[in-house]
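Participant: Fold the following.
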Amino acid sequence: MSGIERLVGELERSHAELQARLSDPSVYNDHREAADVGRRLKELETPHRLAQEWLAAQEDLAAARGDADLRELVPEAEERVAQVEEELKVALIERDPADSKDVIVEIRQGVGGDEASLWAGDIYRMLTRYAERAGYKTELLSASENESGGFKEVVFAVKGDGAYSVFRYEGGTHRVQRVPETESQGRTHTSTATVAVMAEVEEVEVAIEEKDLKIDVYRSTGPGGQSVNTTDSAVRITHLPTGLVVSMQDEKSQLQNKTKAMRVLRARLYDLERDKQLAEVAAQRKAQVGTGERAEKIRTYNYPENRLTDHRIKLTAHRLDQILQGDLGEFTEALQAEERRRALEG
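Facilitator: Next comes the predicted model:
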């Protein structure tokens, strides 16, 4: 029995077992388990359909080989079997379990002073426009502006099925080369903004003990440090075991700020755990297109040449003006294709 035959057999068995479990009353009445089985069935939908197509294509090939009148159809039937095999291999590449989740995106100014904070604002607008183009909803969670009109830090959520599978390629350092408006000599400056992309998770997925939290409240401040609020509505949460700190001050109520801060903290803790797991996987198999680490320079945006270069896949496009309006689809698709190619090689 060939490897693909074993694979098809395993797929048939797994699909039948999951369907049987879903109709089992004990599973059906356990909402969490039923949701888990339902999710796994949905993941197997495409591979199972392709397995059926492969079996049908094999039958057609066997029929063509065994009948003198159909012998001329053998090359076409062989081509069809090979094509479905390839599609099946791609469909069976293990999906990142976070791919279907919503995301929380943190953008921070990097090197370059005021120009870097303006650039962080440009990245924020580019990514929110990209989200809207893709049919996702965005929600601003917090923004720390400076006097120049840029952002020291901005945090927002992207909501919609598969948001993480699209936005995870945006994590890293985004470098810009342009002439700042304040530059009288017309010299090109280089500055950066860093982006972290984290899957947003439910409370049940990341358990946080109350005893592990240190919660401080204080008055919110605006640019220049002036007090914005007369009440202690701003919240700072420290997760003692990891040292992670999340501050939130945009909302008028302490409770709303705490709720938002907990969302970001959960996402960061989940991200921390994933990083550990991915490091273990990457040690065995170098299959990632970029790690999403903020220190990793992923792209250069060159204004004088209207050019964007993605350093991970060596892809360059001379239409920076359109890309900054959120037209990033070409880059996401190329990064996804490269990741599939590497996974197949691995």
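
Participant: how much distance is there from the longest strand along the chain to the middle of the chain?
Facilitator: Longest strand of the chain, by residue count under DSSP state E: strand 189-199. When distances are taken as C-alpha atoms, centre = their mean, to the nearest Å, strand 189-199 is centred 15 Å away from the chain's centroid.

Participant: Sheet-wise, list the partners of it with their directions.
Facilitator: strand 103-109 (antiparallel), strand 172-178 (antiparallel) (DSSP bridges).

Participant: Please identify the deepest-packed of those.
Facilitator: strand 103-109 (a mean of 25; mean count of other C-beta atoms under 10 Å). From N, CA and C alone the C-beta is placed, and that goes for glycine too.

Participant: And the following helix or strand past it, what's buried?
Facilitator: Once strand 103-109 ends, the next helix or strand along the chain (criterion: DSSP states H and E) is helix 113-133. Buried residues in helix 113-133, counting neighbours by 16 or more other C-beta atoms under 10 Å, are found at 114-124, 126-131.

Participant: between helix 113-133 and strand 189-199, how big is the angle?
Facilitator: In terms of direction (axes from the mean of the first three to the mean of the last three C-alpha atoms, to 10 degrees), helix 113-133 departs from strand 189-199 by 40 degrees.

Participant: Please give the centre-to-centre distance between helix 113-133 and its chain.
Facilitator: 17 Å.

Participant: Output that helix as CSV - backbone C-alpha positions only.
Facilitator: Extracted C-alpha coordinates of helix 113-133, given in CSV (Å, rounded to 0.1, in the frame of the first residue of the first chain):
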residue,chain,number,x,y,z
GLY,A,113,11.7,60.1,17.2
ASP,A,114,8.7,62.0,16.0
GLU,A,115,9.0,60.7,12.5
ALA,A,116,8.8,57.1,13.9
SER,A,117,5.6,58.0,15.8
LEU,A,118,4.1,59.4,12.6
TRP,A,119,5.1,56.2,10.8
ALA,A,120,3.4,54.1,13.5
GLY,A,121,0.2,56.1,12.7
ASP,A,122,0.6,55.4,9.0
ILE,A,123,1.1,51.6,9.7
TYR,A,124,-2.1,51.7,11.9
ARG,A,125,-4.1,53.3,9.1
MET,A,126,-2.7,50.9,6.5
LEU,A,127,-3.6,47.8,8.6
THR,A,128,-7.1,49.0,9.5
ARG,A,129,-7.8,49.8,5.8
TYR,A,130,-6.6,46.3,4.9
ALA,A,131,-8.9,44.8,7.5
GLU,A,132,-11.9,46.8,6.1
ARG,A,133,-11.0,45.7,2.5
